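Colleague: Take a look and give me a structure for this.
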Amino acid sequence: MIINSFRKYQADRTESIVYVNGKIFGEALEDAGRPQGVKIPGETCIPEGVYHVEITYSRAFKKDMMVLFNHRDDHSIRRDDIFFNGIRIHAGTHIGHTAGCPLMNNYEELQKKVQQVLDKNEEVIWVINRA
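Modeller: Numbers count the residues shown, from 1 in each chain. This is a model prediction of the structure:
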């Protein structure tokens, strides 16, 4: 499965149109983008790029959730000398819910689709680009 996010950066947030296997699926909301190499913890969207998606148990949310990563050993994101950890896709209604994670307007439906693919031992990739 290929998930694509096409971002539009605003001063205080990042909005995306999300596609699943080439078909429009929904919208995502993230924290603001920062210049390359700059991160404000809990207030910066992850860098554009290609990420793996798995579903693992979140201690913070106390349930199984999607996690984005580019380093399989600890499910972290490392790019441009910046480290992100625990980047979960989840539901939320405003920028205050992000804490650095992408929010999906139809999160539960997306997680079900991802789980079905993972259950077949197939890979799920999330590609994040500028619109």
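Colleague: So residue 11: helix, strand or coil?
Modeller: Assigned state for residue 11: coil (three-state reduction, DSSP: H, G, I helix; E, B strand; the rest coil).
Colleague: residue contacts, it?
Modeller: Shown in contact with residue 11 (C-beta atoms under 8 Å, 6 or more residues apart in numbering): residue 32. From N, CA and C alone the C-beta is placed, and that goes for glycine too.
Colleague: ok, now with 10 Å
Modeller: Applying C-beta atoms under 10 Å, 6 or more residues apart in numbering, one finds that residue 11 lies in contact with 32-33.
Colleague: Please apply the same query to residue 2.
Modeller: By C-beta under 10 Å, 6+ apart, the contact list for residue 2 reads 19-22, 50, 123-127.
Colleague: For residue 111, which three-state class applies?
Modeller: Under the three-state scheme (three-state DSSP), the conformation of residue 111 reads as helix.
Colleague: top strand in the chain by residue count?
Modeller: Looking across the chain with DSSP state E, the single longest strand is strand 49-58.
Colleague: Next, the buried residues of that one.
Modeller: Judged by neighbour count (16 or more other C-beta atoms under 10 Å), strand 49-58 contains these buried residues: 51-55.
Colleague: That one: partners in the sheet, and parallel or antiparallel?
Modeller: strand 63-69 (antiparallel), strand 125-130 (antiparallel) (DSSP bridges).
Colleague: quick one: average pLDDT of that strand?
Modeller: Per-residue pLDDT values over strand 49-58 give a mean of 96.
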